[in-house]
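Student: this is the structure alone, sequence omitted:
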């Protein structure tokens, strides 16, 4: 427990250091991020310890109210999420010093950035360690408020201010729902600690209300559709290493909260809860990836992909709840392990992608993909690491994204054990939606990597971009290696996640790893098996052998370079390449009802000489907006304004009305006393 | 140990006979169109010629362009090692199940599309964009086929699937009829045959797959062509393994393997005939009609699933 | 639960044909051309006749052979021929019906199939016949044909939908009670025949009155003043 407490302590030390260091000092910056990195290592160590501990470690802090001290708990679930926080924090701290160098001479004081990053990290770590509702909510609020200041860091742009306000608003709506959920459980259990809530008598009605509140509250923070609108606004507004933390870690803390509620605090799940989570997850996954395909701002696209991956995580969690309610604990464990595996995978590859986007932003000051291109020649290391991130998020073997999606599919395939025929007919449809989502994500990342790194550069900044410094490169390389390791060594990871499943659903996944470190057999060896190390070896071997046989030929006749095929017209330029918008056009046409599209083509002709009119300039404008904004958010905002206006009616300004108010209040209180 | 050796031999047999299947289909198509046909082993000569040629690479490309053919070929070889061709229960068939097999092709397609965008030309972008769109729409249909099969046979491992079908005798299932048809439609879409894509076109604006390999030459092009032929054969053998696996050897002996090889050769020849006839009879669809085609395949898969739930259980 | 493997081959064949009839119902939803619609309807009638004959063979109920022949003659041959003649005489052979939101209609159809499965579950559990699984399919055919009638504007498409409903009811009778009494069947068959003839007359009247066959134009009873 001491190691676990060391992590937030080091983060707060980083905060304090951030206040003390001078603005333009390299050593100060290294100190701040160094403390943050140590905090990450402490969290990683403590988390792994908690994951494999026999019994949960408890503790108490004398902070908080005098009669209500803070309870701490480090069990396998908290340990897993704590180590996840640490795993992402270390590369981000390597990335930080190089990236924040550009803020030294900027308009905003970097001290704000250092201070609130430390608070943000400390808040997240304390949320994961909390064992009572009070500490949980305080840490949650610290996390939300600190990240608000980080999102609003570059507040000179109106778009960033608006994004930060939306973020704060929705974070507090979610926090209110979570607080109400805790309130109901505390009322039922008679105390604020999680132990009291676990022991509370939970009827199906109240338990369902708590579940709905938890799904809403944590769904807002995690970014489930339809309460996801803050995600694509807030994540691009923050500095890139903070975006990596928010997208990679903060969303996972929301997943932690949901898992804690649905699997731990609520004792008996109902199958309807599983269906609700599955539905929310499927819709988020599909809409997230479809909206991501239409973006050409790189960070906004990555934010929408976070919505998609959170949807996939919730699909796994929903399946797990469904199987628990149907009395199949082994499959519930499989679903839970698949969801948690995807959680750590997403943390790794999303952080990697955001750091890559940050590197590009740092060196070329461009965020729009339509102005990039050919960066693989200028930034080779970043390109390689980003490629690993793209392959991982597209769920392709042998990297990590594939293993968790494969496990989710294997869980889906066992639905024939359910009794309800209607569910057995509808769940394959959800599985098909997941397959569609995965394939569309691959299409999107072909677009991203192809338009950003390949081809010819489309603007001056990008043409003269330079590779970033060692720290930023090392951070990306670290995450890329982790993506490969988590993909190839799938069996040890599943072994590590098994204690969590045992604690929460009571079933062991020993059969999944029974055949050694090479073979992953989630249900049984004859049902399905996957060997990631052999896949990697097979592809490398086959490609390598063929390549070696051509060695002599390559030496005698080296590869000749010439210009690409241009149909004989010549003069190929950067403008003749496919743009990101063009790449996604077929998908836009096919799935048109999903978005709100405004497309405009304007032709201005040169001279109107008789019948011979030639168009010289053609303007094409495309606006793709979120349909849910108009359908859900604007009506809700209008309704709130309307009801606020109605409420102001009691302010008439006349003295007699206020006297009437006081009089009525006195009458009501007198009646209540009797 | 001997199992691994046999698996290696089967894989080599697989990739060695893939061009033969392509040559056979070409011969049938020429016969149906009343043209003079090249000999059946012409694809081998084409591959040998391409391997001997020098490589010319566009000067706008990067290392990814030169790496991609090896990754594509490697993925195809690995996929070929997983699918049982003449014998089941070889060790390599446990490396991957059907879902992983589909993911191998997705990996190859990912690198192919990136290599197309690497050249910085409009054709590459066009081919990559169309190919990724069609592949995305084919995935749900393919998954429903796998799903419906898996809920009946309770496995996605191909060797176990063959065992299940062989052990049950001849059973007429409505769900299998639907998903067999859906699998054929998805296979046509994934391998880029008519009516989704014309592999013999030379008009760049009508190309989907060919546009992605426009810049390749020499041994790189040979590897990609070979990988494509292997992919077509894999889909054929997948169909045979799932629906008509009789004749395959489940005990390794010389006689069994010979019978298995003859059986699969006959079935592949028949499937080749079906493909040649359908390519001759149907015309290539407009790009924005392909979603309707794949939606129909999806509907067939879903009907298969519904038939299973409604008609086959209980 | 008894699985498919244990049924004899003829019973498996019945289930295969039932699935194919369901497929034709979906195909009806997706057809846009008049001739295509009538052809699919003819195939549905033919498959129904084959199913009835197979049930007759499998269970030994001879009167079902007569039903099968009647269905084949009327539903698969005569009525489609008559409808095709109407199409040619009305001159709507080359008209293409515009389906609003094609994908939504098919998804609604799939949802209806799942719904009819859910509704028919108690009946299926009670029945002991070998064809009990197909009861849900017959209900689905009825519902899908009603969906066809709702989503179409051409009068002829709606008539085909009406005939398809009758197909579904006939199929329901065959699989749940091994057919109806012969008198009832003959009466219904002739009613359908008469209905087809009357519809034909009605088409010509409609076209003469409002100069098109679009039933959405029959809105004189509305309260709105145009």
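Tutor: Sure thing, it's come through. Note that the structure is a prediction, hence the values are computed from the model and not measured. Numbers count the residues shown, from 1 in each chain, chains lettered A, B, ... in the order given.
Student: for the rest of this, base every contact and every neighbour count on C-alpha atoms.
Tutor: Will do.
Student: show me which residues of stretch C:165-185 are buried.
Tutor: Residues of stretch C:165-185 classed as buried: C:165-168, C:170-172, C:174-176, C:178-180, C:185 (neighbour count, 16 or more other Cα atoms under 10 Å in any protein chain shown).
Student: swap in stretch A:587-600?
Tutor: Neighbour count says stretch A:587-600 has A:587-588, A:595 buried, by 16+ other Cα under 10 Å.
Student: for the record, mean pLDDT for it?
Tutor: Averaged across stretch A:587-600, the pLDDT comes to 89.
Student: rewinding a little: which one of the buried residues of stretch C:165-185 is nearest chain B?
Tutor: residue C:175 (12.4 Å; Cα to the nearest Cα).
Student: quick one: residues contacting that closest one.
Tutor: Neighbour list for residue C:175: C:129, C:131-132, C:134-135 [criterion: Cα atoms under 8 Å, 6 or more residues apart in numbering or on different chains].
Student: the helix or strand it falls within: how far from the chain's middle?
Tutor: Taking DSSP states H and E as the definition, residue C:175 sits inside helix C:155-177. Per Cα atoms, centre = their mean, to the nearest Å, the displacement of helix C:155-177 from the mean C-alpha position of its chain is 4 Å.
Student: report the angle between the very next helix or strand once past that helix and helix C:155-177.
Tutor: Following helix C:155-177 in sequence order, the next helix or strand is helix C:182-210 (DSSP H and E). Angle of helix C:182-210 versus helix C:155-177, following axes from the mean of the first three to the mean of the last three Cα atoms, to 10 degrees, is 170 degrees.
Student: what packs against helix C:182-210?
Tutor: When contacts are defined as 3 or more Cα pairs under 8 Å, 6 or more residues apart in numbering or on different chains; DSSP states H and E, helix C:182-210 packs onto helix C:63-71, helix C:79-90, helix C:155-177.
Student: quick one: average pLDDT of it?
Tutor: Average pLDDT, helix C:182-210: 80.
Student: packing partners of the helix or strand harbouring residue B:161?
Tutor: Using DSSP H and E, residue B:161 sits in helix B:158-167. Packed against helix B:158-167 by the contact rule (3+ Cα pairs under 8 Å, 6+ apart) you find helix B:122-153, helix B:218-243.
Student: dump these to CSV, plus mean pLDDT.
Tutor: Below are these laid out as CSV (pLDDT from 0 to 100):
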stretch, mean pLDDT
helix B:122-153, 93
helix B:218-243, 94
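Student: which one of those lies closest to chain A?
Tutor: Among the helices and strands packed on helix B:158-167, helix B:122-153 comes nearest to chain A, with 4.5 Å by Cα to the nearest Cα.
Student: now do that closest one: distance to the chain's middle.
Tutor: The answer for helix B:122-153 is 12 Å, by Cα atoms, centre = their mean.
Student: ok, that helix near chain C or not?
Tutor: No: Helix B:122-153 is not in contact with chain C by Cα under 8 Å from any Cα of the partner chain; minimum separation 9.8 Å.
Student: enumerate every residue touching residue A:623.
Tutor: By Cα under 8 Å, 6+ apart, residue A:623 lies in contact with A:596-599.
Student: kindly recompute the last result at 6 Å.
Tutor: A:597-598 (Cα atoms under 6 Å, 6 or more residues apart in numbering or on different chains).
Student: one step back: out of the helices and strands packed on helix B:158-167, which gets nearest to residue A:542?
Tutor: Ranking the helices and strands packed on helix B:158-167 by proximity to residue A:542 (Cα to Cα) places helix B:218-243 first, at 11.4 Å.
Student: which positions in the worst-scoring helix or strand of chain B on mean pLDDT come out as buried?
Tutor: In chain B, no helix or strand scores lower on mean pLDDT, DSSP states H and E than helix B:158-167, which sits at a mean of 88. By neighbour count, with 16+ other Cα under 10 Å as the criterion, the buried positions of helix B:158-167 are B:158-166.
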